[in-house]
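What shape does this take:
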Amino acid sequence: MPAGIQYKNNSFVKELLSLILFLFKPKRKMKRLLSDVFIASVFIFVLLCSCKKDSFPAATQTGKGTFAAYVNGSIFKQNGTDPSGSMLKSDYYYNSIDGSLPIGYYFTVSGVYKDKNTSSYIVIHSNVMKIEEGKTYPLSEDTVNSVYARYVFVQEIENPGGTGSKEFSYQTTTGELNIAKLDTAQRIVSGSFWFDAADTTDGNKVQVRNGVFDVKY
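Have a look, this model is predicted:
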């Protein structure tokens with residue numbers, strides 16, 4: 001009799017232990033799952049923040065103050081100042097007073113991108129050329145009655161006497177400027193552009209693609 005009771009008790013304990021293990025096993029899995037979800041969430045959050053920081057701005061027409069493009073496949077996005085200390089610049093006016101310039105319309109939009117020890121800027125300018133909403137203009141050389149673009153890359157160089165810089169200037173060989181919006185009352189101009197340009201000294205080339213801007217002048 002005692003042996004039989006002991007057997008039954010052992011069986012009960014085993015069944016109870018099995019039940020406990022069964023009940024707690026999903027909880028341990030859930031904890032691991034929650035841990036994995038938390039880690040994944042942190043990773044996704046960091047990734048999204050990083051993507052947002054380096055994201056390409058959407059095309060807008062509200063005077064948002066954006067200027068961006070892809071230069072040889074890398075993002076160029078307005079974030080700095082040019083050598084004169086100016087940031088994003090835009091202007092559109094009719095000159096009839098300044099005797100040093102021919103009479104006519106002038107349009108300019110430019111942006112500056114800084115990255116560590118380098119900076120670059122893109123300038124688009126019309127020389128005695130009236131621009132209109134909804135029209136596309138070829139980008140060519142800097143001549144009267146034309147629209148041209150220029151890309152400049154500046155690299156800081158460490159010298160024994162201090163820090164210097166070397167500038168590379170690229171002039172347009174071909175390209176287009178599209179004026180999506182020109183609101184002279186609100187002084188908003190937005191559009192898109194692309195161009196190829198060559199270095200004026202060694203002939204090296206850059207490709208500027210998917211350019212967008214939305215600025216107030």
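
which sections of the protein are below the confidence cut-off?
Applying pLDDT under 70 to the chain flags residues 1-54, 81-87, 162.

mind listing the helices in it by residue range?
For the chain, the helices defined by DSSP state H occupy 2-53.

Return the set of buried residues in the longest strand anywhere in it.
Ordering each strand of the chain by length in residues (DSSP state E) puts strand 162-183 first. Applying a neighbour-count criterion of 16 or more other C-beta atoms under 10 Å, one finds F168, Y170, Q171, T172, G175, L177, I179, A180, K181, L182 buried in strand 162-183. Just so you know, the C-beta spots here come from the backbone N, C-alpha and C atoms, and that holds for glycine as well.

export those residues to a markdown table and tack on distance to F76?
Formatted as a markdown table, the buried residues of strand 162-183 follow (distance: C-beta to C-beta, whole Å):
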| residue | distance to F76 |
| --- | --- |
| F168 | 14 |
| Y170 | 13 |
| Q171 | 17 |
| T172 | 16 |
| G175 | 15 |
| L177 | 16 |
| I179 | 20 |
| A180 | 19 |
| K181 | 22 |
| L182 | 23 |
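
for those residues, which one is nearest Y92?
L182 (7.6 Å; C-beta to C-beta).

Distance from the longest strand of the chain to the middle of the chain?
16 Å (C-alpha atoms, centre = their mean, to the nearest Å).

Provide the strand pairings for it, with the direction of each partner.
strand 136-140 (antiparallel), strand 146-159 (antiparallel), strand 188-199 (antiparallel) (DSSP bridges).

Now tabulate those strands in JSON lines and tack on distance to N95.
JSON lines is the format used below for the strands paired with strand 162-183 (distance: least, C-beta to C-beta, whole Å):
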{"stretch": "strand 136-140", "distance to N95": "18"}
{"stretch": "strand 146-159", "distance to N95": "16"}
{"stretch": "strand 188-199", "distance to N95": "17"}
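
among these, which is nearest F67?
Across these, closest to F67 is strand 188-199 (C-beta to C-beta), at 10.1 Å.

returning to that earlier point: ok, so of the buried residues of strand 162-183, who is nearest I188?
K181 (6.3 Å).

Who does that closest one form a beta bridge with?
Under the criterion used (DSSP bridges), K181 bridges to S190.

if I read this right, it contacts T60, doesn't it?
No. K181 is beyond contact range of T60, at 9.3 Å (criterion: C-beta atoms under 8 Å).

Return every residue with contacts to both of those two.
By C-beta atoms under 8 Å, 6 or more residues apart in numbering, K181 and T60 have these common neighbours: S190.

who's in contact with F76?
Shown in contact with F76 (C-beta under 8 Å, 6+ apart): A68, A69, Y70, G111, Y113, S120, I122, V208.

so it bridges to which residues?
What pairs with F76, by the bridge criterion (DSSP bridges), is A69.

now swap in T136 and tell me
Bridge pairing for T136 - DSSP bridges - gives N178.

That one: how many residues sit nearby?
Neighbours of T136 under the rule other C-beta atoms under 10 Å: 12.

How is this protein divided into domains?
According to automatic domain parsing, the chain is divided into the following domains: 1-55, 66-216.

Give the bridge partners for T172, please.
A197.

wait, it sits on F195?
Yes. The criterion here is C-beta under 8 Å, and T172 meets it with F195 at 5.1 Å.

what touches both of these two?
Contact criterion C-beta under 8 Å, 6+ apart; residues shared by T172 and F195: L139, A149.
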